[in-house]
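K.L.:
Test case, fold it:
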Amino acid sequence: MVPDQENVGSLLDKIAEYRTGVGMKYLEEAVRRVLEKGEFPAKGLMQLYGEIGAPDGVSDRTVSRAIAKSVKQILEYGKLQVLLNRIGMNDVTPGDVIFLLANYLAGGTIKLR
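P.N.:
Residues are numbered from 1 along each chain as shown. Got it, this is the predicted structure:
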């Protein structure tokens, strides 16, 4: 069973201090797309970002920067750092966060591609 958009949003609500801005929207969409595909595009992340930005007419780089800013905000002010410390991760990338959130919601079944 693939979690729906509401579950992704609920998880972000729980870990983010503030869930505003386009970066959070893009982060939510990235997690949702990884869940739909059942795999994380480790080497095709910019392509995923391009797909996410296309409806808004923005580049993959714009999506990447917006997601990175939101991930930084979550790491600094949210509750994700507690989870990362628990599993022994210190330096994480936005891609790591997308994978971790999707994998968590999928019960550990997301494959790396």
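
K.L.:
CA atoms for contacts and neighbours, from now on please.
P.N.:
Fine.

K.L.:
what are the phi and psi values for Ala106?
P.N.:
phi -90, psi 10 (degrees, to the nearest 10).

K.L.:
Moving C-terminal from the one helix or strand in the chain whose mean pLDDT sits lowest, which element do we reach first?
P.N.:
Of all helical and strand segments in the chain, the minimum by mean pLDDT, DSSP states H and E falls on helix 80-86, at a mean of 67. Remark: after helix 80-86, the chain's next helix or strand is helix 94-105, criterion DSSP states H and E.

K.L.:
Run through who's touching that following helix.
P.N.:
Applying C-alpha atoms under 8 Å, 6 or more residues apart in numbering, the external contacts of helix 94-105 come out as 3, 7-8, 27, 30-32, 34-35, 40, 42, 45, 67-68, 71, 109-110.

K.L.:
Report the buried residues of stretch 45-56.
P.N.:
For stretch 45-56, burial by neighbour count (16 or more other C-alpha atoms under 10 Å) applies to Met46, Leu48, Tyr49, Gly50, Glu51, Ile52, Gly53.

K.L.:
which of the residues you listed lies closest to Val22?
P.N.:
Among the buried residues of stretch 45-56, Gly53 lies closest to Val22 (C-alpha to C-alpha), at 10.5 Å.

K.L.:
which strands and helices sit next to the host helix or strand of that closest one?
P.N.:
Following DSSP H and E, one finds Gly53 within helix 45-53. Judged by 3 or more C-alpha pairs under 8 Å, 6 or more residues apart in numbering; DSSP states H and E, the packing partners of helix 45-53 are helix 22-37, helix 60-77.

K.L.:
can you give me the angle it makes with helix 94-105?
P.N.:
If you take axes from the mean of the first three to the mean of the last three C-alpha atoms, to 10 degrees, helix 45-53 sits at 70 degrees to helix 94-105.
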